[in-house]
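Trainee: The following block contains a protein sequence and its predicted model.
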Amino acid sequence: MAINIILLGPPGAGKGTQARRLIEERGLVQLSTGDMLREARSSGTEMGQRVAEVMDRGELVTDDIVIGLIREKLGQGGEGFIFDGFPRTLPQADALQALMAEIGQRIDAVIEMRVDDAALVSRISGRFTCGNCGEVYHDVTKPTKRPGVCDVCGSADLRRRADDNEESLRTRLMEYYKKTSPLIGYYHCKGNLTPVDGLAEIDEVAAEIAGVLDRVRDRGFSPA
Ligand code: AP5
Ligand code: MG
């Protein structure tokens, strides 16, 4: 049974970190609109350039663009999808529901990762990522074992994101509270929202998410 989940949370909540664990442990496919948009910006196209300016300011890219990116990828789900950073607005949530219905699937769980603003600032300011394999690190909470070298693939291409500065983070947080946090009520009403304590250790958050997925799987196999 395919399981499709949404990781919902503010910038720095740990969506990407947990998505990578779920790929490895459950064979789910990660659909991160942030990663797709970063790929588009590095393509050097006119669209990529426009997207880069919006992202660097910390604002949201238009719904049409991100919905189009997700639509292109929905044919490729093996064990299911992890939507990371999508949807981020109510129109995106409605579009996702329609797209899932088109492929005969649905969203099984929405995991709301709760982290307070002070922790987000220190997480974002200490984050770096492997440019080769995408592994996410932190100067203090998750440093590489050998300085300057990715633990997973051995690459020395460790990068910091252009939007990980105080000014864009302030805008990203504001965008989250104004446009994305209404999705908490939206999915609560639909009955598939589960909050997790995103302030806990990475392994503990992963265990909480695993528990949610196990309950979804067991529910799927039990007689209705
Ligand atoms: P996106 O790339 O999605 O960024 P974001 O939502 O701001 O979230 P982040 O990637 O910054 O954080 P994360 O939750 O993945 O945390 P991570 O695991 O890295 O979007 C970027 C931009 O693209 C947007 O601003 C917008 O412009 C555009 N965009 C994207 N999607 C869009 C959409 N749908 N619509 C419109 N525009 C869109 O962790 C952060 C750090 O914390 C790491 O260093 C990590 O090691 C550390 N950490 C993680 N978990 C823990 C823990 N439990 N304890 C301690 N440290 C931890
Ligand atoms: Mg991320």
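Mentor: Yep, it's here. Numbering: from 1, shown residues only. Ligands and ions are numbered 1, 2, ... in the order given.
Trainee: Any idea how many residues pack against the residue of the chain found nearest ligand 1?
Mentor: Closest residue of the chain to ligand 1, CB to the nearest ligand atom: residue 34 (1.9 Å). (C-beta placed from N, C-alpha, C; glycine too.) Residues lying near residue 34 (other CB atoms under 10 Å) number 19.
Trainee: now swap in residue 108 and tell me
Mentor: Neighbour tally, residue 108, other CB under 10 Å: 20.
Trainee: same deal with residue 88?
Mentor: Counted with other CB under 10 Å, the neighbours of residue 88 add up to 21.
Trainee: Show me which helix runs longest in the protein.
Mentor: What stands out as the longest helix in the chain, according to DSSP state H, is helix 202-221.
Trainee: what comes up buried for that one?
Mentor: 202, 205, 206, 208, 209, 212, 213, 216 (16 or more other CB atoms under 10 Å).
Trainee: Ok, stretch 58-71 next?
Mentor: Buried residues in stretch 58-71, counted by 16+ other CB under 10 Å: 58, 59, 60, 61, 63, 65, 66, 67, 69, 70.
Trainee: what's the answer for stretch 147-165, then?
Mentor: 150, 158, 163, 164.
Trainee: Out of those residues, which sit inside strands?
Mentor: Residues of those located in strands (DSSP state E): residue 158.
Trainee: Which residues of the chain lie near ligand 1?
Mentor: Proximity of the chain to ligand 1, by CB under 6 Å from any ligand atom, involves residues 9, 11-17, 33-34, 37, 54-55, 58-61, 66, 85-86, 88, 92, 123, 126-127, 136-138, 141-142, 163, 172, 201-202, 205.
Trainee: Secondary structure element holding residue 55?
Mentor: Per DSSP states H and E: residue 55 is located in helix 46-57.
Trainee: If the most centrally placed residue in the chain is in a bridge, with which residues?
Mentor: In the chain, the residue lying closest to the centroid (CA atoms, centre = their mean) is residue 84, at 2.3 Å. When assigned by DSSP bridges, residue 84 has beta-bridge partners residue 7, residue 32.
Trainee: If I look at it, what pLDDT would I see?
Mentor: For residue 84, the pLDDT comes out at 97.
Trainee: Could you list the low-pLDDT ranges of the chain?
Mentor: Within the chain, the segments meeting pLDDT under 70 span 77, 221-224.
Trainee: re the thing from before, what is the nearest of the buried residues of stretch 58-71 to residue 184?
Mentor: residue 60 (16.7 Å; CB to CB).
Trainee: Straight-line length of stretch 82-91, end to end?
Mentor: End-to-end distance for stretch 82-91, by CA to CA, to the nearest Å: 19 Å.
Trainee: got the contact list for whichever strand or helix holds residue 171?
Mentor: Assessed by DSSP H and E, residue 171 sits inside helix 166-175. With CB atoms under 8 Å, 6 or more residues apart in numbering as the test, helix 166-175 has contacts from 10-12, 56-60, 88, 117, 120-121, 124-125, 163.
Trainee: The following helix or strand past it packs against which elements?
Mentor: Sequence order places helix 182-190 as the next helix or strand after helix 166-175, per DSSP H and E. Counting contacts by 3 or more CB pairs under 8 Å, 6 or more residues apart in numbering; DSSP states H and E, helix 182-190 packs against strand 5-8, helix 90-102, strand 109-114.
Trainee: Can I get these in CSV including mean neighbour count?
Mentor: Shown next, in CSV, are the helices and strands packed on helix 182-190 (neighbours: other CB atoms under 10 Å):
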stretch, mean neighbour count
strand 5-8, 27
helix 90-102, 16
strand 109-114, 21
